[in-house]
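Trainee: sequence plus predicted model, see below.
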Amino acid sequence: MKALDIRNITKTYHMASEEVRALRGVTLELEQNEYIAIMGPSGSGKSTLMNVIGCLDTPSSGEYFLEGVDVSKMSDDQLAEIRNRKIGFVFQTFNLIPRSDVFHNVELPLIYGGLSGADRRKLAEAAIEKVGLSDRITHKPNELSGGQRQRVAIARALVNNPSIILADEPTGNLDTATGEEIMQVFNDLHAAGNTIILVTHETEIAQHAHRTIRLRDGMIESDEKNGVLHPTLS
């Protein structure tokens, strides 16, 4: 079963009297345990595509199957449930709760999922251990470095064992050395079997992925895997 299957997706926004066609017929398949980077200039549609993949937005037309389930026509409540169970988000700005410690930040998706306290503790501690922060479990975000905060965000994304980890410019607020450390975390997660989608404008970051999809004007301009163009685009 494919991790995701997007078929001829379009997304049009109506802003006052203007019509903005953000996506213009994007078709994309992603296998389980793939590691892809989505790139493109500002206005290319990569943020819109990320929002559709992450079930934060619905397409204007086309179909989107996430692990064989058609999510393209789901209600907001259904999409919220899919996001919590199937998608792990990592953002550039970390999006941590300042007054909560590492443990409580990581366990938050499990609270929404209705798990018991004992199950939440077991899963949260395991996710925190995966990113190497077991010794910081009671620290609050302002007591952590930028790289450590992003590790907390990655642990939170991992805690529900999601189908896809979706990372939006995950090194954008970090210096080069710390950014490389965070990318090594993603490399390790991929090696452990996770499916990762990385949205970035930095070529050095995209090179960690095994497949690079470039968007332009709401369409896929190129799809390259291990240095070889996808046959439908070559």
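Mentor: Looks like it came in fine. Model, not experiment: these values are computed from the prediction.

Trainee: what's near enough to touch the residue positioned nearest the centre of the chain?
Mentor: By Cα atoms, centre = their mean, the chain has its centre lying nearest to Leu166, at 0.7 Å. By Cβ atoms under 8 Å, 6 or more residues apart in numbering, the residues touching Leu166 are 50, 53-54, 87-90, 157, 197, 199. The C-beta positions use only the backbone N, C-alpha and C, and glycine is treated the same way.

Trainee: do the same with Phe103
Mentor: Residues near Phe103 by Cβ under 8 Å, 6+ apart: 121, 124-125, 128, 137-138.

Trainee: mind listing the helices for this protein?
Mentor: 46-53, 76-86, 102-112, 117-130, 146-158, 176-191, 203-206 (DSSP state H).

Trainee: where does the chain dip in pLDDT?
Mentor: When residues are selected by pLDDT under 70, those of the chain lie in 227-234.

Trainee: make a markdown table out of the contacts of Leu166 and add distance to Leu96 and neighbour count.
Mentor: Supplementary listing: the contacts of Leu166 in a markdown table, determined by distance: Cβ to Cβ, whole Å; neighbours: other Cβ atoms under 10 Å:
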| residue | distance to Leu96 | neighbour count |
| --- | --- | --- |
| Met50 | 20 | 20 |
| Ile53 | 23 | 23 |
| Gly54 | 18 | 21 |
| Ile87 | 18 | 22 |
| Gly88 | 15 | 28 |
| Phe89 | 12 | 19 |
| Val90 | 11 | 25 |
| Ala157 | 12 | 25 |
| Ile197 | 21 | 25 |
| Val199 | 20 | 23 |
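
Trainee: could those be laid out in JSON lines, adding distance to Val69?
Mentor: What follows is these, written out as JSON lines (distance: Cβ to Cβ, whole Å):
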{"residue": "Met50", "distance to Val69": "19"}
{"residue": "Ile53", "distance to Val69": "14"}
{"residue": "Gly54", "distance to Val69": "15"}
{"residue": "Ile87", "distance to Val69": "13"}
{"residue": "Gly88", "distance to Val69": "17"}
{"residue": "Phe89", "distance to Val69": "19"}
{"residue": "Val90", "distance to Val69": "23"}
{"residue": "Ala157", "distance to Val69": "20"}
{"residue": "Ile197", "distance to Val69": "17"}
{"residue": "Val199", "distance to Val69": "23"}
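
Trainee: just the closest of those to Leu144, please.
Mentor: Nearest to Leu144 among the contacts of Leu166 is Val90, at 15.4 Å by Cβ to Cβ.

Trainee: partners of the closest one in the sheet?
Mentor: Counting by DSSP bridges, Val90 is bridged to Ala167.

Trainee: and what of Asp223?
Mentor: In beta-bridge terms (that is, DSSP bridges), Asp223 pairs with Ile213.

Trainee: distance of it relative to Ile205?
Mentor: Note on Asp223: its distance to Ile205, by Cβ to Cβ, to the nearest Å, is 18 Å.

Trainee: of these two, who's got more company?
Mentor: Under the neighbour definition other Cβ atoms under 10 Å, Asp223 and Ile205 were set side by side, and Ile205 has more, 23 against 20.

Trainee: re the thing from before, nearest to Asp5, of the helices of the chain?
Mentor: Among the helices of the chain, the nearest to Asp5 by Cβ to Cβ is helix 46-53 (11.2 Å).

Trainee: give the other helices and strands that that closest one contacts.
Mentor: strand 4-15, strand 18-30, strand 35-39, strand 164-168, strand 196-199 (3 or more Cβ pairs under 8 Å, 6 or more residues apart in numbering; DSSP states H and E).
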